[in-house]
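> A predicted structure for the sequence below; I have some questions about it.
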Amino acid sequence: MPSIHRNTIQVALPVPFADGLTYLVPDSISIESICVGMRVVVPFRNKKMVAIVIATHGGDFTKNLKAISKVLDTSEFITPQVLRFMQQVHRYYLMPLGEVIFTGVPKWFKNVENPSLPQEIWWQVKERLTQEEIKIRFKSTKQQNIFKYLQDNGPLQSRQMSHIEKGASSHCNALLKKEVLIKSDLCFVDAHPPKNPDFILTKDQGVAVKTISSVDGFEPFLLDGITGSGKTEIYIRLIKELVNNNQQALVLVPEIGLTPQLFHEFAKRIHGRVAVFHSGLTTIARARAWEKAKLGEIDVIVATRSGIFTPFKNLAMIVVDEEHDLSFKQQDGFRYSARDLAVMRAKMENIPVILGSATPSLETFNNAKLGKYNWLRLRERTNKQDLPSIQVLDVRAHKMQKGLSKVVLQQIDAEIQKGNQALVFLNRRGWSPKLTCNDCGWVAECDECDTYVTYHKHINRLRCHHCERVYGVPEFCPECGSQKVETMGVGTEKIHVGIENSLKDTKVIRVDRDTVKTPNQWQRTVDEIKSGIPCVMVGTQMLSKGHDFPNLTLVVIVNVDNSFFSLDFRATEHLSQLMIQVSGRAGRKDKIGKVIIQSQCPEHEFFKLLLGKSYEDYALHELQQRAEVGFPPASYMAIIRARSRDEKTVEAFFEYIVTHTNENETVTIMGPIPAPMYKKMGQYQMQLIFNGNDRKSLHQSLSQIVSLLRNNKICNNIIWSLDLDPINLS
Ligand code: ADP
Ligand code: ZN
Ligand code: ZN
């Protein structure tokens with residue numbers, strides 16, 4: 001059929017199989033009104049969807065072409081710069097363009113009705129007041145409480161203060177009348193008088209600030225500073241300078257929990273508009289932050305992972321704080337690393353990027369060592385205190401009480417008596433990780449997953465931590481009928497009770513996913529700990545990061561030995577980072593910290609390397625080992641994972657890939673092998689690992705496979721994913 005000339009455009013949709021789809025522009029819509037980066041509404045499979053225009057000439061008109069129904073914007077919704085970035089991301093990760101684009105775009109903008117953004121009200125204090133002033137100025141204790149809370153935690157919406165006082169919004173309005181609060185439509189702080197701290201930069205800090213501010217254009221920096229060396233201060237000084245020049249900065253942090261902390265430090269010091277962006281915000285708040293950053297009406301954004309896609313008018317620097325943190329990598333669907341994308345984006349925008357950490361990932365460390373990144377070291381704590389001393393305690397020689405040795409309990413008690421705080425860290429919630437039969441060795445497992453189930457005492461149930469399925473506790477062993485069914489091992493719940501039993505009258509605060517479920521609960525818990533009351537925190541991962549607890553003097557780490565037996569080549573890297581990060585929580589103000597690690601294998605060479613020397617020495621050694629076995633960062637890796645309820649389907653899928661993959665000398669293919677947890681939530685998981693020393697060549701292989709799998713029947717009834725630069729093998 002001869003093609004007739006009609007107006008067509010190409011758009012990207014969040015669908016898995018195409019990078020660009022061609023649509024007709026009907027005569028009722030002027031093609032001139034459409035430009036690349038705008039949103040349009042298109043019909044797709046009997047549904048209307050929002051799509052992004054990626055080209056204004058979609059190729060020839062054919063009979064089956066459907067027409068767009070509406071144009072939602074009057075100017076680019078996604079700036080050309082961000083679109084170019086997204087296109088590069090799409091090529092790197094071999095993900096469909098539409099999926100990349102819509103990962104970045106806040107949900108609000110996917111509404112085909114295109115409603116205008118509703119108003120939100122955010123409160124913050126106009127000026128800080130002392131305790132005395134607060135008491136004098138406000139008669140009502142409710143108003144005092146709200147003011148104090150806002151002073152420490154604002155800006156907030158009134159519903160985020162409902163746990164402080166009921167009817168928070170009416171108290172806020174009353175305070176507004178007294179002209180002590182500011183009301184705004186966004187979670188941001190504007191133009192607070194910047195207070196200058198009364199310290200001068202350490203020598204290392206000074207060098208770092210000077211080096212970074214002297215660069216013009218793209219340059220990646222590794223800011224390798226021990227915990228408490230004042231990395232935040234460096235970010236602040238640099239960003240202040242930018243903001244004074246009407247430029248913008250993006251700061252990425254690993255977790256929602258850490259955004260308020262950094263946000264407040266920035267807001268106190270930077271004379272500009274500082275906003276947060278993370279998945280815990282309402283979709284409206286996120287949309288607003290995105291719009292304002294694009295218009296240049298926000299100077300600094302403190303964001304989690306997905307903030308890397310935010311458009312800016314005049315972006316001048318990207319900071320990735322705690323760059324080693326695994327949360328920067330999305331672990332399902334589109335598995336991007338926000339840290340790696342930060343470097344990619346900085347390069348495109350021709351601006352500096354700072355990767356900060358006390359325990360850099362081996363990837364970053366390697367780049368610094370090779371001279372690809374500018375390596376800035378900070379080896380002094382700002383409080384001039386030594387790093388906490390670390391002792392490995394051989395628990396085989398000690399009497400244990402619910403998971404803690406007597407010696408440890410005594411030391412905890414001593415700190416509490418001195419008015420200090422202690423932290424017991426272990427990565428296992430619940431009472432104990434196993435329920436077992438003492439006669440035949442049976443262990444309770446999940447029906448849906450290849451894993452043991454954890455005993456939770458407060459509900460007297462067994463629970464699977466992978467699918468959250470709950471089981472009753474059998475009175476008799478289901479294998480041999482014996483009554484000697486007992487729990488084995490420790491979790492946070494048991495440690496908590498153990499400390500309460502042994503150290504009467506000691507306050508114990510447990511922080512894990514069972515006790516802290518909402519952002520409000522988290523905030524309350526952190527507030528309580530930061531108030532400085534003598535207490536023992538018992539917590540998981542949640543407590544290991546970034547938080548500054550000035551009264552914390554003793555950290556106890558329990559149960560790290562598993563990592564030594566892990567099949568994942570990154571296990572000790574992650575363990576060393578975790579240990580140093582947790583240790584770094586101790587002794588941060590003027591107090592000396594101490595760390596005790598309870599271990600069954602204290603003679604392991606890992607401890608000698610890490611504790612005898614430094615993280616840098618450990619990393620150099622580990623890098624050497626990776627080079628010897630040819631694993632990342634000495635190589636490039638990718639994993640194709642697939643799962644299905646039917647084992648045969650998964651096997652057939654991989655068999656297809658293996659037989660259809662072109663030979664490639666530089667790429668080693670391992671597998672297909674069952675995933676470390678073969679059955680999870682009733683699905684069978686397998687994987688194929690690609691490892692090679694040539695990035696391009698690996699990319700070619702993967703690209704061939706991905707195009708093979710697109711629109712392929714073999715993918716029916718299967719969920720598969722490509723993980724480039726995976727951070728773990730599970
Ligand atoms: P890091 O992020 O490197 O672990 P922080 O940035 O949290 O360290 O700094 C630790 C503490 O030291 C903070 O309370 C900060 O205000 C303070 N600080 C930063 N720089 C200096 C300095 N040059 N002199 C004294 N104190 C400082
Ligand atoms: Zn038994
Ligand atoms: Zn399960």
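Thanks, I have the structure now. Ligands and ions are numbered 1, 2, ... in the order given.
> domain map for the chain?
As recorded under automatic domain parsing, the domains making up the chain are 8-110, 122-184, 203-378, 389-431+490-624, 636-724.
> which ones are touching Lys329?
Contact analysis of Lys329 by CB atoms under 8 Å, 6 or more residues apart in numbering lists Arg335, Tyr336, Ser337, Ala338, Arg339, Ile727. To be clear about C-beta, it is placed using only N, CA and C from the backbone, and glycine gets the same treatment.
> mind redoing it with 10 Å?
254, 305, 335-340, 723, 725-728 (CB atoms under 10 Å, 6 or more residues apart in numbering).
> just Ala316 next, same as before
Neighbouring residues of Ala316 by CB under 10 Å, 6+ apart: 238-239, 241-243, 245-250, 349-352.
> now the buried members of those.
Buried members of the contacts of Ala316, scored by 16 or more other CB atoms under 10 Å, are Leu238, Ile239, Glu241, Leu242, Val243, Gln247, Gln248, Ala249, Leu250, Glu349, Ile351, Pro352.
> biggest separation within the contacts of Lys329, which pair?
Pro254 and Asp723 (18.8 Å; CB to CB).
> now Lys110: how far from Pro478?
Look at Lys110 and Pro478: by CB to CB, to the nearest Å, they are 49 Å apart.
> how about Tyr378, phi and psi?
You called it Tyr, but residue 378 is Leu. phi -120, psi 110 (degrees, to the nearest 10).
> next, count neighbours for the closest residue to it other than its chain neighbours.
Distances taken as CB to CB, 6 or more residues apart in numbering put Gly225 closest to Leu378, at 3.2 Å, once the chain neighbours are dropped. Applying other CB atoms under 10 Å, we find 26 residues neighbouring Gly225.
> on that earlier part again, higher neighbour count, Lys110 and Pro478?
The residue with more neighbours, out of Lys110 and Pro478, is Lys110; 15 against 10, by other CB under 10 Å.
> what part of this protein, helix or strand, is modelled with the least confidence?
strand 188-189 (a mean of 71; mean pLDDT, DSSP states H and E).
> just checking, what packs against the following helix or strand past that strand?
Next along the chain after strand 188-189, taking DSSP states H and E as the criterion, comes helix 203-213. Applying 3 or more CB pairs under 10 Å, 6 or more residues apart in numbering; DSSP states H and E, we find helix 203-213 packed against strand 219-225, helix 231-244, strand 352-357, strand 374-378.
> find the helix or strand that whatever residue of the stretch 51-200 of the chain ends up closest to ligand 2 is a member of.
The nearest approach of the stretch 51-200 of the chain to ligand 2 comes at His163, 47.1 Å away (CB to the ion). For His163, there is no host helix or strand (DSSP H and E).
> OK, contacts around Lys110?
Contacts of Lys110 (CB under 10 Å, 6+ apart): Pro14, Arg39, Met49, Val50, Ala51, Phe102, Thr283.
> and the residues you listed, which are buried?
Of the contacts of Lys110, these count as buried by 16+ other CB under 10 Å: Pro14, Arg39, Met49, Val50, Ala51, Phe102.
> and the furthest pair within those?
For these, the maximum inter-member distance is 12.3 Å, found between Pro14 and Arg39 (CB to CB).
> need the residues touching each of those two.
In contact with both Pro14 and Arg39: Val50, Ala51, Ile52, Val105, Lys110, using CB under 10 Å, 6+ apart.
> could I get the biggest strand by length in the chain in CSV with only the CA atoms?
Of all segments of type strand in the chain, defined using DSSP state E, the longest is strand 667-680. Taking Å, rounded to 0.1, in the frame of the first residue of the first chain, the C-alpha atoms of strand 667-680 are listed here in CSV:
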residue,chain,number,x,y,z
VAL,A,667,32.3,-13.6,28.2
THR,A,668,32.1,-16.5,30.5
ILE,A,669,28.6,-17.8,31.1
MET,A,670,27.9,-19.6,34.4
GLY,A,671,24.7,-21.6,34.7
PRO,A,672,21.8,-21.7,34.4
ILE,A,673,21.9,-22.5,38.1
PRO,A,674,19.2,-22.4,40.8
ALA,A,675,19.2,-19.2,42.8
PRO,A,676,20.5,-19.5,46.3
MET,A,677,16.9,-19.6,47.4
TYR,A,678,15.5,-21.9,44.7
LYS,A,679,11.9,-21.7,45.8
LYS,A,680,10.5,-18.3,46.9
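> follow-up on the earlier one: ok, the buried ones among the contacts of Ala316 vs ligand 2, which is closest?
Of all the buried ones among the contacts of Ala316, Leu250 has the smallest distance to ligand 2: 56.9 Å, by CB to the ion.
> can you check my assumption that that closest one lies in a strand?
Yes. Under DSSP: H, G, I helix; E, B strand; the rest coil, Leu250 falls within a strand.
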